[in-house]
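K.L.:
sequence below, structure please.
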Amino acid sequence: MLGFYELQLIILISACLLFLLVERHVSTRKRTTAKDHDPDRLENGGSTTPVNALATLTRRYLVVYAIVMGADWLQGPYVYSLYHEQYELPERMVAVLFVTGFMSAGLTAPLVGVWADQHGRRKLCLVFCFTYLFTCFCVTIPYLPILLLGRVTGGISTSILFSVFESWLVSAANSLTIPSSDLSTIFGRATLVNGFVATAAGVVSNQLVSLTHSFVSPFAASAALLVLAYLVIKASWTENFGGSGGATAVGSSDPFQLKRLAQAWRIVRADPMLLVIGLTQTCFEGSMYLFVFLWVPSLQEASPTFPAIPLPLGYIFSSFMISMMLGSLLYTVICAWAPGSPTDSSLTIHAKLSSIVCAVSGLALAVSVRSPEESTRFWAFCAFEACVGAYYPVQGMLRGTLIANEHRATLSALFRVPLNVFVVVSLLTGVSSARHAVLSVSSLMLSFSAIMTAFFLVGRTEDVILPEQNHRPA
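P.N.:
Model (predicted):
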């Protein structure tokens, strides 16, 4: 007899397969309509893109992306349970561990972006493999100072993972003069691959815990994937830099890159569109990281059978990841149909999608707070994860189009500073007693971001639709 969550997972997988068929049909129609011209170039213009170059770049990026995200997702379902249940740390101390990671990410994010632009994105991605491998090692030792050290290196790793890898892709695409429509497709495929990998990671982690009776085993599997990622990046990726990359004199005279950070901040402050993008990143990704900490206790609180019958966290996690895939597929279908719009450019469509994603995700979190029913909370969380699936390709496209190559990694990382401050303050409010308040504030922040995007970003995107205007000047 299938349990509730096993049945929901089957339903979601069936829906995902149906959407895959629809997406494949729409993408085929898009290819057969023959793109005679593509007005949206990211930076360098150009009229043609070799098909084999696009395919090679897509393959190289997605293989590495799948491996590193698999390493990350394997840790997702059981990090809370490892600290709270296996190591028997109080929830307040678990919150401190999470806060340590976010503070580390917030403090190092600007430097990570600058170092990536200055010394090479590929090099920083290789460093990521080492720092995250060390994080996995620290997690296996139930000694608080070692666990805190692991959270510090984990925060550094997170900053690299969610800024430098994307910057490498966009810069590599620019060097090949790949049009924004093809880059948008790569982002959509990446989120789809991420969903497949995360779903598999949830099932694998669930089986590993069942076989070993230890929450540590998924972290050991993650370490193995990180070693593989290092070898693949080393063998297949080429180096790229920001506009002034490779200049070691500047780095030696200003090791903390304060002048470069100040220049990047002036660029953001002078451009309302970049300010809105930064606001969206803070509100959405902040809510997402809080969700990582809160979804387990929220569902446990709503479950009438817990703790007598433990929740199948791996299957629930896989359901969330399937939901994320559905969001990615919906994004791909919309982008395949959208170019036929006579009134909106691709950039405007992505700005509208950004506003819609924030609004729907805020509504989903509000529903989860209002309802005490386990099934309602589960489906509200699935809706939020579907928004996550659409968010990453949408924001990746907006950042790739609006931010100049010279400061791309720096600005992407700079946006993570208020993000991590938001998460740290929320976690320090007292997670158990203020869980509903934290989710409510996240819902309000997402709604605010949706409104700001609609008013300050959507209308302005019409000013940057020409080829020479498809990036913001540094």
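K.L.:
when you work out contacts or count neighbours from here on, use the C-alpha atoms and nothing else.
P.N.:
Fine.
K.L.:
what number of residues lie near residue 304?
P.N.:
Residue neighbour count, defined by other CA atoms under 10 Å, stands at 12 for residue 304.
K.L.:
likewise residue 3?
P.N.:
Residue 3 sits with 8 neighbouring residues when counted by other CA under 10 Å.
K.L.:
likewise the one 5 residues further on?
P.N.:
Other residues within reach of residue 8, judged by other CA under 10 Å, total 18.
K.L.:
confirm for me that it is in contact with residue 320.
P.N.:
No - distance between residue 8 and residue 320: 10.3 Å, which falls outside the contact criterion (CA atoms under 8 Å).
K.L.:
so what does residue 179 look like in phi/psi?
P.N.:
Per-residue torsions, residue 179: phi -70, psi 160 (degrees, to the nearest 10).
K.L.:
where does the stretch 151-300 of the chain have low pLDDT?
P.N.:
Filtered on pLDDT under 70, the stretch 151-300 of the chain yields the residue ranges 242-261, 264.
K.L.:
ok, now with 50
P.N.:
Residues of the stretch 151-300 of the chain that meet the criterion pLDDT under 50 lie in 247-252.
K.L.:
all helices for it, in order.
P.N.:
Ranges of helices within the stretch 151-300 of the chain are 164-175, 180-212, 217-236, 248-253, 258-270, 272-302, based on DSSP state H, counting those that start in this stretch.
K.L.:
in JSON lines: those, plus mean neighbour count and distance to residue 379.
P.N.:
Shown next, in JSON lines, are the helices of the stretch 151-300 of the chain (neighbours: other CA atoms under 10 Å; distance: least, CA to CA, whole Å):
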{"stretch": "helix 164-175", "mean neighbour count": "23", "distance to residue 379": "30"}
{"stretch": "helix 180-212", "mean neighbour count": "22", "distance to residue 379": "16"}
{"stretch": "helix 217-236", "mean neighbour count": "19", "distance to residue 379": "26"}
{"stretch": "helix 248-253", "mean neighbour count": "12", "distance to residue 379": "49"}
{"stretch": "helix 258-270", "mean neighbour count": "15", "distance to residue 379": "37"}
{"stretch": "helix 272-302", "mean neighbour count": "20", "distance to residue 379": "11"}
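K.L.:
would CSV of the ones you listed with distance to residue 89 be doable?
P.N.:
Rendered in CSV, the data for the helices of the stretch 151-300 of the chain read as follows (distance: least, CA to CA, whole Å):
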stretch, distance to residue 89
helix 164-175, 33
helix 180-212, 19
helix 217-236, 18
helix 248-253, 42
helix 258-270, 38
helix 272-302, 15
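K.L.:
which of those sits closest to residue 25?
P.N.:
Closest to residue 25 of the helices of the stretch 151-300 of the chain, according to CA to CA: helix 180-212, at 14.8 Å.
K.L.:
what helices or strands is that closest one leaning on?
P.N.:
Using 3 or more CA pairs under 8 Å, 6 or more residues apart in numbering; DSSP states H and E as the contact criterion, the elements in contact with helix 180-212 are helix 51-73, helix 217-236, helix 313-337, helix 374-402.
K.L.:
rerun that using 10 Å as the cut-off
P.N.:
The contact analysis (3 or more CA pairs under 10 Å, 6 or more residues apart in numbering; DSSP states H and E) places helix 180-212 against helix 4-32, helix 51-73, helix 164-175, helix 217-236, helix 313-337, helix 346-370, helix 374-402.
K.L.:
name the residues that touch the next helix or strand after the second one?
P.N.:
Beyond helix 51-73 on the C-terminal side, the first helix or strand identified by DSSP states H and E is helix 79-81. Contacts made with helix 79-81 from outside it, assessed by CA atoms under 10 Å, 6 or more residues apart in numbering, are listed as 85-89, 91, 94-95, 97-98, 139, 215-216, 218-219, 292-297, 313.
K.L.:
so how many other residues sit close to residue 441?
P.N.:
Residue neighbour count, defined by other CA under 10 Å, stands at 17 for residue 441.
K.L.:
what is the orientation angle of whichever strand or helix holds it with helix 346-370?
P.N.:
With secondary structure defined by DSSP H and E, residue 441 is part of helix 435-456. Counting by axes from the mean of the first three to the mean of the last three CA atoms, to 10 degrees, helix 435-456 lies at 160 degrees to helix 346-370.
K.L.:
who does helix 435-456 touch, helix- and strand-wise?
P.N.:
For helix 435-456, the packing partners by 3+ CA pairs under 10 Å, 6+ apart come out as helix 272-302, helix 346-370, helix 416-427.
K.L.:
count the neighbours of residue 439 for me.
P.N.:
The tally of other residues near residue 439 (other CA under 10 Å) stands at 22.
K.L.:
so which of the helices and strands packed on helix 435-456 is nearest residue 17?
P.N.:
Residue 17 sits nearest to helix 346-370 of all the helices and strands packed on helix 435-456, at 22.2 Å, using CA to CA.
K.L.:
hmm, back to that, tell me the most buried of the helices and strands packed on helix 180-212?
P.N.:
Scoring those by mean neighbour count under mean count of other CA atoms under 10 Å gives helix 313-337 as the most buried, with a mean of 26.
K.L.:
ok, residue 229 touching residue 71?
P.N.:
Yes - with contact defined as CA atoms under 10 Å, residue 229 and residue 71 form a contacting pair (9.0 Å).
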